[in-house]
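Trainee: got a sequence here, can you model it:
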Amino acid sequence: MIEQENELLMAAFREVMAGVPTPVTVVTAMDGGRPHGTTVSAFTSLSMQPPMVMVALDRRSQLLGLLRSSLRFGVNVLGHAQTASALAFARKGGAEKFAGVLWEADRDIPRLLGAPGWLACEVADFVDGGDHVIVLGNVMSAETAGGDPLTYHARAFGTHVAIA
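Mentor: This is a model prediction of the structure:
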């Protein structure tokens, strides 16, 4: 009975969360000279003083292991025309995800060219959060190129439209 109730709760939780629009980012790190990254929608600002963000990574994520050793990561905030990048970085694999992707090292962190938002971060802490680990990051550098964001809502990619 309890297992069935838990399954119903998880299904209801998924439906509620599908109705919450989220930004789409690619979180990146360097492993020696090899870039790695994964698509993350569990990302938000945390603090202005000091500037901090948080991202949540699955406990099984290869990238999480890299962050534990490198203690640096990048947050590439994707634009509305970057759905292909979001899908490419969502699949399994390490540096292969960067095949054909234009990027550069910024503070020795992979930065995707063309992303309208960029944050270079140092890990401040790791916090357990169920089947994920929340990575708290101190922002070392922030740049924006403007443009409409890529969002994820109702299991589909889209963008934000302001109410006139």
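
Trainee: pLDDT below threshold where in the protein?
Mentor: Across the chain, the ranges flagged by pLDDT under 70 are 94-95.

Trainee: need the strands for it, in chain order.
Mentor: With DSSP state E as the criterion, the chain has strands at 22-23, 25-31, 34-40, 43-47, 52-58, 72-77, 103-106, 109-112, 117-129, 132-144, 151-153, 156-158.

Trainee: now render those as a markdown table, adding distance to Ala11.
Mentor: Where you see a C-beta, it was placed from the backbone N, CA and C, and this is true even at glycine. Formatted as a markdown table, these follow (distance: least, CB to CB, whole Å):
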| stretch | distance to Ala11 |
| --- | --- |
| strand 22-23 | 19 |
| strand 25-31 | 26 |
| strand 34-40 | 23 |
| strand 43-47 | 24 |
| strand 52-58 | 19 |
| strand 72-77 | 30 |
| strand 103-106 | 38 |
| strand 109-112 | 34 |
| strand 117-129 | 20 |
| strand 132-144 | 19 |
| strand 151-153 | 18 |
| strand 156-158 | 19 |
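
Trainee: make CSV out of those strands and add mean neighbour count and distance to Asn6.
Mentor: Below are the strands of the chain laid out as CSV (neighbours: other CB atoms under 10 Å; distance: least, CB to CB, whole Å):
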stretch, mean neighbour count, distance to Asn6
strand 22-23, 16, 24
strand 25-31, 25, 29
strand 34-40, 22, 26
strand 43-47, 14, 27
strand 52-58, 20, 19
strand 72-77, 25, 33
strand 103-106, 14, 41
strand 109-112, 24, 38
strand 117-129, 17, 18
strand 132-144, 17, 18
strand 151-153, 17, 25
strand 156-158, 13, 27
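
Trainee: could I get the CA-only coordinates of stretch 68-84 as PDB?
Mentor: Only the C-alpha atoms of stretch 68-84 are listed here, as PDB (Å, rounded to 0.1, in the frame of the first residue of the first chain):
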ATOM      1  CA  ARG A  68      34.400  17.200  -6.800                       C
ATOM      2  CA  SER A  69      38.000  17.100  -8.100                       C
ATOM      3  CA  SER A  70      38.300  20.300 -10.200                       C
ATOM      4  CA  LEU A  71      36.200  22.500  -7.800                       C
ATOM      5  CA  ARG A  72      35.300  24.800 -10.800                       C
ATOM      6  CA  PHE A  73      32.400  24.800 -13.200                       C
ATOM      7  CA  GLY A  74      30.700  26.900 -15.800                       C
ATOM      8  CA  VAL A  75      27.000  27.600 -16.300                       C
ATOM      9  CA  ASN A  76      26.100  28.300 -20.000                       C
ATOM     10  CA  VAL A  77      22.600  29.800 -20.000                       C
ATOM     11  CA  LEU A  78      21.200  28.700 -23.400                       C
ATOM     12  CA  GLY A  79      19.300  30.900 -25.800                       C
ATOM     13  CA  HIS A  80      16.000  30.000 -27.600                       C
ATOM     14  CA  ALA A  81      17.900  28.900 -30.700                       C
ATOM     15  CA  GLN A  82      20.000  26.300 -28.800                       C
ATOM     16  CA  THR A  83      17.600  23.400 -28.500                       C
ATOM     17  CA  ALA A  84      20.100  21.200 -30.400                       C
END
